[in-house]
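Engineer: Provided below are the primary sequence and the corresponding predicted coordinates.
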Amino acid sequence: MLIDVHGNFYAPRNNMPGGQALNQAYLDASRSVGITHIVGKVMGTWGDRSSTYVPSLEDMQYGNGFMLEVMHRNPGFVFGYAFINPALEHLAVEELVACVNQGMIGMKLGASVRCTSPLVEPLIEKCIDLSIPVLHHILQRRRGEYENVALSDAADLAELARRFPEARFIQAHIAGGGDWAFGIRAAAGSANVFLDLSGSGCDAGMVEYALEAVGEDRLLFGTDLTLDTGVARLETLGFLGADLEKIRFRNALRVFEGRLK
C-alpha cells in the first residue's frame with residue numbers, strides 16, 4: 001500500500017492553469033508510481049467565483065459535490081476531505097456532517113479565519129465526534145497579515161492541537177516554502193500533529209530534520225501539487241533507514257482509523 005494523504009482535484013469551473021485536465025493526469029501518474037489510495041479535496045472553484053481560501057457557501061458545496069463524484073468514479077482508490085470554510089459557522093458544521101455522511105473521511109480546514117479562532121472550535125469538536133482527521137494548510141512562519149485570507153502558521157496549529165488533544169491533525173506540506181525548520185519544530189511537541197511530506201521545496205536536510213524532530217511514526221506520504229517531490233522524500237527516508245511501511249501506509253491507517261481499505 002502507498003497512501004497519498006494530500007491530493008488535489010479540480011471541478012469543471014476552476015481557476016487553475018490546466019484546469020480539469022490535471023485530474024486524469026494526476027490519477028494516471030499516481031497509479032504509475034504505485035499509489036494505492038488518494039485522500040483528496042476540491043477547494044471550491046479555486047478562486048474562479050470566490051476566494052480559494054475563503055469560498056462562498058455555494059462554491060464550498062460545489063467543490064465538495066465534485067469531490068464526491070471523483071470518489072464515486074474511483075471507488076477504493078480515491079477518498080475525500082470535506083473542504084470547509086469555518087467563517088460560515090453553523091453552515092460549515094452542517095456541510096461537514098453532510099459530506100461525511102456521504103463517505104468523506106476527513107476535513108480540509110479552510111483558511112478563512114486563523115485556526116486558533118473560536119469559529120474553528122465547533123468544527124474540531126465535530127471531527128472528534130466523527131473520528132476524522134483535520135488537514136490544514138499552514139505557512140511555515142507567519143510574518144504579518146495577508147489580504148482576504150487568515151493563514152495560520154505551524155505554531156498556531158500546534159496551539160490548536162494542544163487545546164484539542166483528542167483530535168488528529170495533518171500539517172500540510174513540510175516543503176511548502178518558507179521557514180520549514182520552524183514549521184517542523186513547532187509540530188514536534190504535539191503528538192497529535194502529523195506531517196505530510198508534500199511540497200515543492202527541495203532544500204538539503206529537510207527530510208533528515210523532519211525524521212529527527214517528529215520520528216517515523218508521525219510522517220505521512222503526501223503529494224499536494226508536486227507528486228515527484230513527495231516520492232523523492234519517501235526514497236530519501238528509505239536511505240536514512242526509516243520504517244517505510246509506517247510512512248507509506250501504516251501511519252495513515254492509524255490517522256484515518258480504518259477508513260482506508
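Structural biologist: Now that the structure is in, tell me what you want to look at.
Engineer: Looking at stretch 123-140 now, give me its mean pLDDT.
Structural biologist: Average pLDDT, stretch 123-140: 93.
Engineer: Regarding the residue sitting nearest the centre point of the chain, what is its secondary structure?
Structural biologist: For the chain, the residue nearest the mean C-alpha position is Leu135 (3.8 Å; C-alpha atoms, centre = their mean). Classification of Leu135 by DSSP: H, G, I helix; E, B strand; the rest coil places it in strand.
Engineer: Could you pull up the residues touching it?
Structural biologist: Shown in contact with Leu135 (C-beta atoms under 8 Å, 6 or more residues apart in numbering): Val5, His6, Lys41, Tyr81, Gly106, Met107, Lys108, Leu109, Phe169, Ile170, Ala172, Asp196. Quick note: C-beta positions are derived from backbone N, CA and C, even for glycine.
Engineer: In space, what's closest to the last one - neighbours in sequence excluded?
Structural biologist: Yep, that's Asp196 we're talking about. Distances taken as C-beta to C-beta, 6 or more residues apart in numbering place Gly222 nearest to Asp196, at 3.3 Å, with adjacent residues excluded.
Engineer: Make sure Tyr209 is indeed in a strand.
Structural biologist: No. Read with three-state DSSP, Tyr209 is helix and lies in no strand.
Engineer: Tell me which residues touch it, please.
Structural biologist: So Tyr209 contacts Trp180, Ala181, Ile184 (C-beta under 8 Å, 6+ apart).
Engineer: pLDDT score assigned to the last one?
Structural biologist: The confidence metric pLDDT takes the value 91 at Ile184.
Engineer: can you count the residues close to it?
Structural biologist: Look at Ile184: counted by other C-beta atoms under 10 Å, it has 21 neighbours.
Engineer: that older thread, which residue sits closest to the residue nearest to the centre of the chain, ignoring its sequence neighbours?
Structural biologist: Nearest non-adjacent residue to Leu135 (C-beta to C-beta, 6+ apart): Ile170, at 4.5 Å.
Engineer: The one helix or strand the one you found maps to: partners in the sheet, and parallel or antiparallel?
Structural biologist: Using DSSP states H and E, Ile170 maps to strand 169-171. On the basis of DSSP bridges, the sheet neighbours of strand 169-171 come out as strand 134-136 (parallel), strand 193-196 (parallel).
Engineer: After it, which helix or strand is next? Please name it.
Structural biologist: In N-to-C order, the element after strand 169-171 by DSSP H and E is helix 180-188.
Engineer: Could you point out which residue ranges in the stretch 51-200 of the chain have low pLDDT?
Structural biologist: Under the criterion pLDDT under 70, the flagged ranges of the stretch 51-200 of the chain are 140-149, 176-177.
Engineer: Show me where it has its helices.
Structural biologist: According to DSSP state H, counting those that start in this stretch, the stretch 51-200 of the chain carries its helices in the segments 57-73, 90-101, 121-130, 154-163, 180-188.
Engineer: hmm, who's touching the last one?
Structural biologist: Read that as helix 180-188. 138, 140-141, 153-155, 157-158, 171, 174, 176, 193, 195, 199, 201, 203, 206, 209-210, 213-214, 218.
Engineer: Next: the third one.
Structural biologist: Under the contact criterion C-beta under 8 Å, 6+ apart, helix 121-130 has outside partners 84, 86, 89-90, 92-93, 96-97, 100, 107, 109, 133-134, 160, 164, 166-167.
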